[in-house]
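>>> next comes the sequence, and after it the predicted model I'd like to discuss.
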Amino acid sequence: QVQLVESGGGLVQAGGSLRLSCAASGRTFSTYATGWFRQDPGKEREFVAAITWRYGSTYYADSVKGRFTISRDYAKNTVYLQMNSLKPEDTAVYYCAAALAGRGPTTQMNTYDYWGQGTQVTVSS
């Protein structure tokens with residue numbers, strides 16, 4: 001079992017920044033990748049970014065490339081999502097997820113085995 005807890009969400013004006021954290025506990029040594037997804041009410045959950053633990057390979061949705069940065073801290077078993085130049089369309093609940101094996105693309109929801117509860121990000125115009 002892997003437990004994930006997100007934090008760092010909040011309300012920010014357009015152009016501002018936030019840093020989300022995803023702290024993992026449990027069988028973290030077996031995690032292949034950690035990803036961030038987001039979901040706005042009435043819309044499907046969508047991929048935002050992902051990172052592999054062993055090599056640190058990163059993946060981003062086109063909509064956030066150049067603005068968001070994903071990183072990992074081994075000592076803290078934590079993954080961060082630094083979000084800069086935020087836009088109103090970035091408003092959503094952000095979820096982190098852990099994949100125990102690389103059985104699919106890190107951009108796909110069904111690759112992931114465990115999910116956090118989510119943290120709200122609201123960007124005002």
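Looks like it arrived, so ask away.
>>> going forward, measure contacts between C-alpha atoms and count neighbours the same way
Will do.
>>> enumerate every residue touching R54.
R54 is in contact with Y32, counting by C-alpha atoms under 8 Å, 6 or more residues apart in numbering.
>>> which strand or helix spans the most centrally placed residue in the chain?
Compute the mean C-alpha point of the chain, and by C-alpha atoms, centre = their mean the closest residue is W36, 2.1 Å away. Assigned by DSSP states H and E, W36 falls within strand 33-39.
>>> and what of Q82?
Secondary structure from DSSP H and E places Q82 in strand 78-83.
>>> average pLDDT across that strand?
Mean pLDDT, strand 78-83: 97.
>>> strand partners of that strand, parallel vs antiparallel please.
strand 18-26 (antiparallel), strand 68-73 (antiparallel) (DSSP bridges).
>>> I'd like the distance from it to the chain centre, please.
7 Å (C-alpha atoms, centre = their mean, to the nearest Å).
>>> now what about the next helix or strand after it, what contacts it?
Remark: after strand 78-83, the chain's next helix or strand is strand 92-99, criterion DSSP H and E. Strand 92-99 is contacted from outside by 2, 4, 6, 22, 31-41, 111-122, using C-alpha under 8 Å, 6+ apart.
>>> how about residues contacting whatever helix or strand comes next after strand 92-99?
As assigned by DSSP H and E, the chain's next helix or strand after strand 92-99 is strand 114-115. Outside strand 114-115, the residues within contact range by C-alpha under 8 Å, 6+ apart are 2-4, 95-99.
>>> need the contact list for the residue nearest to F37 when sequence neighbours are not counted.
With C-alpha to C-alpha, 6 or more residues apart in numbering as the criterion, F37 has its nearest non-adjacent residue at 4.5 Å, and that residue is F47. Applying C-alpha under 8 Å, 6+ apart, one finds that F47 lies in contact with 35-38, 60-61, 107-109.
>>> okay then, goodbye and thanks.
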